[in-house]
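Q: Based on what follows, work out the 3D shape:
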Amino acid sequence: MLILSSDPGLTGALSLLCSQRGLLECEDIPTCANGTASGSMRNWVDAEGLQRILTAWSSRHEFAQHSVRAAIERPIPMPRLPAQTVASQFDTFGVLRALIGMKVGPGGMHIVNPNEWKKKFGLKRDKDESIACALRLYPTAAGYLARKRDHNRAESVLIGHALLMEIA
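A: Residues are numbered from 1 along each chain as shown. Okay, the predicted model is just below:
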């Protein structure tokens with residue numbers, strides 16, 4: 001079984017896990033300018049770039065030959081965040097749902113709440129904990145999780161692993 005998982009947002013990430021082979025791929029969500037020089041949402045998810053990533057992964061890992069499921073973290077609006085941040089979270093979430101949804105079968109999309117998947121790993125808010133936990137589970141992920149800012153990659157891996165634990 002293959003799991004596509006994502007921590008959405010403009011600094012989010014996307015991972016591909018296999019129930020037998022572990023972590024196969026991990027990338028930042030591609031972004032691009034939306035064409036406005038100022039104002040809110042100067043950048044948004046690069047849907048064409050994301051589609052290229054998913055198509056390459058689908059070909060390289062033969063999605064057609066496997067059961068493919070997806071887990072995407074549900075964005076939680078936080079009143080303290082700027083409106084642009086909240087808008088970009090929901091924009092990215094919608095694009096991910098649409099493009100990933102085309103790669104999974106009926107009933108294959110799982111939307112997960114952050115508190116629920118983090119509870120499975122005993123995680124709080126410390127982003128370094130997410131990196132450490134992902135590296136314990138997938139030591140070969142070190143190349144993907146080498147920078148402090150790779151906590152979103154780590155969280156995308158953990159979101160996918162939480163789904164694997166749930167359906168195993």
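Q: C-alpha from now on. contacts and neighbour counts both.
A: Noted.
Q: Strands of this structure, residue ranges please.
A: 2-7, 13-18, 22-28, 31-33, 43-45, 68-73, 109-112 (DSSP state E).
Q: looking at the ones you listed, which is buried most?
A: strand 2-7 (a mean of 30; mean count of other CA atoms under 10 Å).
Q: Would you mind getting the angle between that strand and strand 68-73?
A: 10 degrees (axes from the mean of the first three to the mean of the last three CA atoms, to 10 degrees).
Q: So in that sheet, which strands flank strand 2-7, and in what orientation?
A: Paired with strand 2-7 in the same sheet, following DSSP bridges, are strand 13-18 (antiparallel), strand 68-73 (parallel).
Q: Tabulate those (JSON lines), appending distance to Arg97 and mean pLDDT.
A: Shown next, in JSON lines, are the strands paired with strand 2-7 (distance: least, CA to CA, whole Å; pLDDT from 0 to 100):
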{"stretch": "strand 13-18", "distance to Arg97": "12", "mean pLDDT": "97"}
{"stretch": "strand 68-73", "distance to Arg97": "8", "mean pLDDT": "96"}
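Q: Including distance to Asp46, could these go into CSV?
A: Converted to CSV, the strands paired with strand 2-7 look like this (distance: least, CA to CA, whole Å):
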stretch, distance to Asp46
strand 13-18, 13
strand 68-73, 17
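Q: For Ser130, find the nearest of those strands.
A: Smallest distance to Ser130 across the strands paired with strand 2-7 (CA to CA): 13.3 Å, for strand 13-18.
Q: Report the angle between that closest one and strand 22-28.
A: Going by the same axes, to 10 degrees, strand 13-18 makes 170 degrees with strand 22-28.
Q: Name the residues that touch strand 13-18?
A: Strand 13-18 has contacts (CA atoms under 8 Å, 6 or more residues apart in numbering) with 1-7, 23-29, 152-153, 156-157, 160-161.
Q: cutoff 6 Å now
A: Contacts with strand 13-18, where a contact means CA atoms under 6 Å, 6 or more residues apart in numbering, come from 1-7, 23-29, 152-153, 156-157.
Q: Check stretch 129-140 too.
A: His151, Ala154.
Q: Okay, buried residues for it please.
A: By 16 or more other CA atoms under 10 Å, the buried positions in stretch 129-140 come out as Glu129, Ser130, Ile131, Ala132, Cys133, Ala134, Leu135, Tyr138.
Q: Point out where this structure drops to low pLDDT.
A: Along the chain, the model assigns pLDDT under 70 to residues 36-41, 77-89.
Q: The chain: helices as residue ranges?
A: Per DSSP state H, the chain carries helices over the ranges 47-60, 83-101, 114-121, 127-137, 151-167.
Q: Pick the most buried one from those helices.
A: Comparing those by mean neighbour count (mean count of other CA under 10 Å), helix 151-167 comes out on top with a mean of 24.
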